[in-house]
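Colleague: using only what follows, build the 3D model:
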Amino acid sequence: MCGRFFLTVSGEEIRRQFRCVNRIDWQERYNVAPGQTIPVVRLQGDQRRLEKLRWGLIPSWSRDETIGHRLVNARAETLAERPAFREAFKHRRCLIPASGFYEWQHTGHRKQPYAIRRRDGGLLAFAGLWERWRCPESGAEIRTCVIVTTDANRLLQPLHRRMPAILEETDWDAWLDPTCTPPSPAPCRDDLLEAYPVGFHVNDPRHDDPRCLEPRQLTEPLFI
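Modeller: Numbers count the residues shown, from 1 in each chain. A predicted model of the protein is given here:
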């Protein structure tokens with residue numbers, strides 16, 4: 001799964017790396033949580049554009065926006081089947097930029113957080129879906145998104161059974177274009193990522209500062 005991630009670059013850097021035609025205002029974030037507004041890359045015509053959407057998908061047919069609190073991840077294996085994601089999978093796919101993400105390993109009475117990032121320091125592109133929802137009372141439109149997940153690769157299996165679906169750059173165009181058959185999200189290659197333990201500071205989503213990424217020295221190795 002993916003319940004927390006970090007994006008520690010500027011809006012201009014996101015625009016440059018994803019070759020978007022516009023830029024957004026984005027400050028470095030170290031502890032992004034569901035319900036918050038995040039950058040996504042989507043296709044408009046034949047151009048990639050950046051937009052800020054709320055993390056937690058609200059299906060267009062929903063009567064209540066609180067469903068978005070539960071729909072922060074979408075299993076890749078059932079995107080075409082689940083009513084909440086089916087139409088977005090056909091018509092509204094997106095990329096969600098990230099510098100990395102967090103996962104927690106059960107270690108007795110307390111969960112040990114880990115930061116996971118690219119070995120080369122570049123940005124990751126999570127497969128995502130986006131949706132429009134109109135509030136029945138006010139008529140206001142809210143745009144939301146969800147992160148697609150897949151089975152964990154061998155590196156992350158000791159932490160969790162699931163991980164974000166990370167797309168290679170060669171797959172970006174096909175994923176974004178609704179006229180193309182999208183690539184099947186699968187575990188990324190084992191040598192793409194690295195994981196290291198961080199302190200419990202990151203556990204509180206109100207903490208959003210560089211301390212979240214500071215390595216923690218473990219007395220015994222927990223990650224194998």
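Colleague: what are the buried residues along stretch 201-218?
Modeller: 201-203, 208, 212-213 (16 or more other Cβ atoms under 10 Å). For the C-beta atoms, the positions are set from N, CA and C on the backbone; glycine is no exception.
Colleague: quick one: average pLDDT of it?
Modeller: Taken as a whole, stretch 201-218 has an average pLDDT of 95.
Colleague: and if you look at stretch 4-21?
Modeller: Stretch 4-21 carries an average pLDDT of 98.
Colleague: then stretch 138-150?
Modeller: 94.
Colleague: returning to that earlier point: from the buried residues of stretch 201-218, which land in helices?
Modeller: Under the assignment DSSP state H, these contribute nothing to helices.
Colleague: tell me which two of those sit farthest apart.
Modeller: N203 and L213 (13.4 Å; Cβ to Cβ).
Colleague: hang on, the earlier thing: out of the buried residues of stretch 201-218, who's nearest D120?
Modeller: Checking those against D120 with Cβ to Cβ, the nearest one is L213 at 16.5 Å.
Colleague: that closest one contacts Y30, doesn't it?
Modeller: Yes - between L213 and Y30 a contact is recorded at 6.1 Å, counting by Cβ atoms under 8 Å.
Colleague: hey, where'd the strands end up in this structure?
Modeller: With strands called from DSSP state E, the chain shows them at 5-7, 29-32, 37-44, 47-55, 73-75, 93-98, 100-107, 110-118, 124-134, 141-151, 162-164, 193-197.
Colleague: now the third one: buried residues?
Modeller: Neighbour-count burial for strand 37-44 flags 38-43 (criterion: 16+ other Cβ under 10 Å).
Colleague: how many neighbours does the nearest residue to Q47 once chain neighbours are set aside have?
Modeller: With Cβ to Cβ, 6 or more residues apart in numbering as the criterion, Q47 has its nearest non-adjacent residue at 4.7 Å, and that residue is V21. Neighbour count for V21, taken as other Cβ atoms under 10 Å: 11.
Colleague: where does the protein dip in pLDDT?
Modeller: 219-224 (pLDDT under 70).
Colleague: give me every residue that touches the residue sitting nearest the centre point of the chain.
Modeller: In the chain, the residue lying closest to the centroid (Cα atoms, centre = their mean) is I147, at 4.6 Å. Contacts for I147 were tallied using Cβ atoms under 8 Å, 6 or more residues apart in numbering; they are 2, 55, 72-74, 96, 126-128, 164-165.
Colleague: do that again at 10 Å, thanks
Modeller: For I147, the contacting residues are 1-3, 5, 34, 38, 55-57, 72-74, 94, 96, 98, 101, 126-129, 164-165, by Cβ atoms under 10 Å, 6 or more residues apart in numbering.
Colleague: same question for F89.
Modeller: F89 makes contact with 74, 76, 78-82, 129, 148, 178, 182, according to Cβ under 10 Å, 6+ apart.
Colleague: Throw those into TSV and include neighbour count, thanks.
Modeller: Below are these laid out as TSV (neighbours: other Cβ atoms under 10 Å):
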residue	neighbour count
A74	24
A76	20
T78	12
L79	23
A80	11
E81	10
R82	15
L129	26
V148	26
P178	13
P182	18
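Colleague: of all those, which two lie farthest apart?
Modeller: Among the contacts of F89, T78 and P178 lie farthest apart (Cβ to Cβ), at 18.9 Å.
Colleague: circling back: out of the strands of the chain, which gets nearest to T170?
Modeller: strand 124-134 (11.0 Å).
Colleague: buried ones in the closest one?
Modeller: 124-131, 133.
Colleague: turn these into a markdown table, including distance to A115.
Modeller: Shown next, in a markdown table, are those (distance: Cβ to Cβ, whole Å):
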| residue | distance to A115 |
| --- | --- |
| L124 | 12 |
| A125 | 18 |
| F126 | 16 |
| A127 | 21 |
| G128 | 21 |
| L129 | 25 |
| W130 | 26 |
| E131 | 29 |
| W133 | 32 |
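Colleague: fine by me, we can end here.
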